[in-house]
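Visitor: From the sequence below, what's the structure:
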Amino acid sequence: MDEQTVSWGELRQFVRRACPSTLRARYHHRQDGRDLWADVVFKAPDRWRVADGAWRELSDGTTVVRITDGGRVTADHAAGHPVWPGVQAMVTPGTAGFDDWHGMAVPRARPAVKGGRPAWQITLPPKHASAPPVRLFADQATGMVLAMEAGAELVELLDIVLDQPVDDACFSWHRRIHRDLRRRRPR
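Guide: As a prediction, this is how the structure comes out:
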C-alpha cells in the first residue's frame, strides 16, 4: 500500500484481517428514509450484543438470545452472527462478501476521514445492473469497516472504542426465555 492510494486487492486483504479484540460503538442504519440506532459491544471471536432500547440481541459464544420489541425472548444454539444489517460485515469483515467484486474493475481507495477516524474510501461498482455502487470506508489503522453506503442506504459505526476490557456478563441472559429453539436442534 502506498501512502496516497490503495488497490482494492490490498484493501480487501487488510479489511478481511481486521478484527478488534473488543469494540464498543454506536451503530447507525439508514434505509428508506428511516434511521435505526443501536449500541454494539463485541468481544472476539464470537461474543456480541446489539441493543436499541427495546430490541436486543446477544451471544455468549454458544447461544444467541433475541429480545423483540414486545419483550419476547428466544434462544438458539446457532451462535452465528447478528441479524442487524451490516453489523457482521463491519465487526468481523472476514465473514462478509467482499470477494463479490473479485475480477471487477475497481478504482483505487483514497484517504478520507469517517466518523473522525482516518479512513480509506473506495467506491465499488454495482454488482448487477439494478444495484447502486457501494462506497466503503475502512479504518486506516485497523482495517475495520467504518461505513458502507449504497444509494440512499447507509450503515456506519460511530463513537468507536477499541480493545478495552469488556465484562463477559454483558453477553449473558439470565432471565426467562419464552421460546427455546435449542431443544429443536437435531442431535
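
Visitor: Show me which residues of stretch 115-126 are buried.
Guide: 115, 117, 119-122, 124 (16 or more other CB atoms under 10 Å). For every residue, glycine as well, the C-beta is placed using N, CA and C.

Visitor: Can you flag which of those residues belong to helices?
Guide: When the buried residues of stretch 115-126 are checked against helices (DSSP state H), there are no matches.

Visitor: which SSE is residue 20 in?
Guide: In this assignment (DSSP states H and E), residue 20 forms part of neither any helix nor any strand.

Visitor: now the one 10 residues further on
Guide: Residue 30 is located in strand 22-31, with elements delineated by DSSP H and E.

Visitor: buried ones in the next helix or strand after that strand?
Guide: For strand 22-31, the following helix or strand on the C-terminal side (DSSP H and E) is strand 34-43. By 16+ other CB under 10 Å, the buried positions in strand 34-43 come out as 38, 40-43.

Visitor: Just name the closest of the residues you listed to residue 23, please.
Guide: residue 42 (4.3 Å; CB to CB).

Visitor: So which residues of this protein form helices?
Guide: Under DSSP H, the chain gives helices at 8-17, 87-91.

Visitor: in the longest one, what counts as buried?
Guide: Buried residues in helix 8-17, counted by 16+ other CB under 10 Å: 8, 11-12, 14-16.

Visitor: any chance you could map the strands in the protein?
Guide: 22-31, 34-43, 47-51, 56-59, 64-67, 73-76, 110-114, 117-124, 134-139, 145-150, 153-162, 179-180 (DSSP state E).

Visitor: which other helices and strands contact the first one?
Guide: Applying 3 or more CB pairs under 8 Å, 6 or more residues apart in numbering; DSSP states H and E, we find strand 22-31 packed against strand 34-43, strand 153-162.

Visitor: Within the sheet, what are the partner strands of that strand, with directions?
Guide: Using DSSP bridges, strand 22-31 pairs in its sheet with strand 34-43 (antiparallel), strand 153-162 (antiparallel).

Visitor: Could you export those strands as CSV, including mean pLDDT and distance to residue 65?
Guide: Shown next, in CSV, are the strands paired with strand 22-31 (pLDDT from 0 to 100; distance: least, CB to CB, whole Å):
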stretch, mean pLDDT, distance to residue 65
strand 34-43, 90, 14
strand 153-162, 91, 22
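
Visitor: is it possible to export those to CSV including distance to residue 53?
Guide: Listed next are these as CSV, based on distance: least, CB to CB, whole Å:
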stretch, distance to residue 53
strand 34-43, 8
strand 153-162, 16
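
Visitor: Could you point out which of those strands sits nearest residue 169?
Guide: strand 34-43 (11.2 Å).

Visitor: Off-centre distance for the closest one?
Guide: Chain-centre distance of strand 34-43: 9 Å, with CA atoms, centre = their mean, to the nearest Å.

Visitor: what are the C-alpha coordinates of that strand, in CSV please?
Guide: Taking Å, rounded to 0.1, in the frame of the first residue of the first chain, the C-alpha atoms of strand 34-43 are listed here in CSV:
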residue,chain,number,x,y,z
ARG,A,34,-35.8,5.6,8.4
ASP,A,35,-32.9,5.7,10.9
LEU,A,36,-32.1,2.9,13.2
TRP,A,37,-29.7,3.4,16.1
ALA,A,38,-28.2,0.8,18.4
ASP,A,39,-25.3,0.2,20.8
VAL,A,40,-22.9,-2.5,19.7
VAL,A,41,-20.5,-4.4,22.0
PHE,A,42,-18.2,-7.1,20.5
LYS,A,43,-15.6,-9.3,22.1
